[in-house]
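Colleague: A structural model of the following input is requested.
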Amino acid sequence: MEETIVILLVALTLLTIFCLYKMLDKRGLYFAVVLLTLLTFVLTFKVSTFFKMNINVGIIPYIATLSVIYIFIIKYGYKEVNNLYKICLLSNIGVALLLLIMNYFIPAPTETISINMQGTFEYNYKILIIYPIMMFLSQFMITKFYKLVANIQNNPALCITLTYIITSIVYTVIFYVLCYIGIMEVKYSLFLGISTYIIGLAITVIHIIFINYIVSGKKVIK
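Modeller: The predicted model follows:
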């Protein structure tokens, strides 16, 4: 059942990018990256099982945000990507503060339908602090490394694959080790990061096909 949900979530993130891009062109990519970044933030708190491997579900929209960045680089060049960093960083900080405030929300005794958010993020509060920083760093590293590889080999599929293999270890391994210190043993958080990293590579291959379709026939703007 969880495998089906993971697959559907992959399809949904691809569909989100496709629809927003087709409807709003470049502006749609801005909306998509913000929406997917915030979705990554929320799903980062969710650990699931995929074919007997524990993975953090946040990897799915995370890969989708990277795809938006790759599309932006290939279609519009590197200059405007900086705007994506700023928008994502401000959005993540805003959501982190909102979740922190919601953690202290206590419904009135007479409320019958309100949800008590107190303690929801009590044990994972480090994610609220670390996630915006790690997302910003990973997006920055990805752009720089993609540019480095593209100067050597002008093959978008190869550039994307190598970029994920090298740079995403920062997010998918180091991030989970830092976030789950004190919650689970280091070796388990390390295994979680590695298994998430492996699944992320498989999802990246799917996104490469999608990216090639989106940018096909378009001239690169330096």
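Colleague: make it CA atoms for all contacts and neighbour counts henceforth
Modeller: Noted.
Colleague: now for the longest helix anywhere in the chain, which elements pack on it?
Modeller: Assignment by DSSP state H gives helix 186-215 as the longest helix of the chain. Where contact means 3 or more Cα pairs under 8 Å, 6 or more residues apart in numbering; DSSP states H and E, helix 186-215 is packed against helix 2-24, strand 53-56, helix 59-76, helix 156-167, helix 175-179.
Colleague: pull the CA atoms of the longest one into CSV?
Modeller: Taking Å, rounded to 0.1, in the frame of the first residue of the first chain, the C-alpha atoms of helix 2-24 are listed here in CSV:
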residue,chain,number,x,y,z
GLU,A,2,2.8,2.5,0.9
GLU,A,3,4.6,1.6,-2.3
THR,A,4,1.5,2.7,-4.3
ILE,A,5,1.3,6.0,-2.4
VAL,A,6,5.0,6.7,-3.1
ILE,A,7,4.5,6.0,-6.8
LEU,A,8,1.4,8.2,-6.9
LEU,A,9,3.2,11.0,-5.1
VAL,A,10,6.0,10.8,-7.8
ALA,A,11,3.4,11.1,-10.5
LEU,A,12,1.6,13.9,-8.7
THR,A,13,4.8,16.0,-8.4
LEU,A,14,5.6,15.6,-12.1
LEU,A,15,2.0,16.5,-13.0
THR,A,16,2.2,19.6,-10.8
ILE,A,17,5.3,20.9,-12.6
PHE,A,18,3.9,20.0,-16.0
CYS,A,19,0.5,21.8,-15.4
LEU,A,20,1.9,24.9,-13.9
TYR,A,21,4.5,25.2,-16.6
LYS,A,22,2.0,24.7,-19.4
MET,A,23,-0.4,27.2,-17.9
LEU,A,24,2.0,29.9,-16.7
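Colleague: list the buried ones in it?
Modeller: Using 16 or more other Cα atoms under 10 Å as the test for burial, helix 2-24 gives 6, 10, 13, 14, 16, 17, 18, 20, 21.
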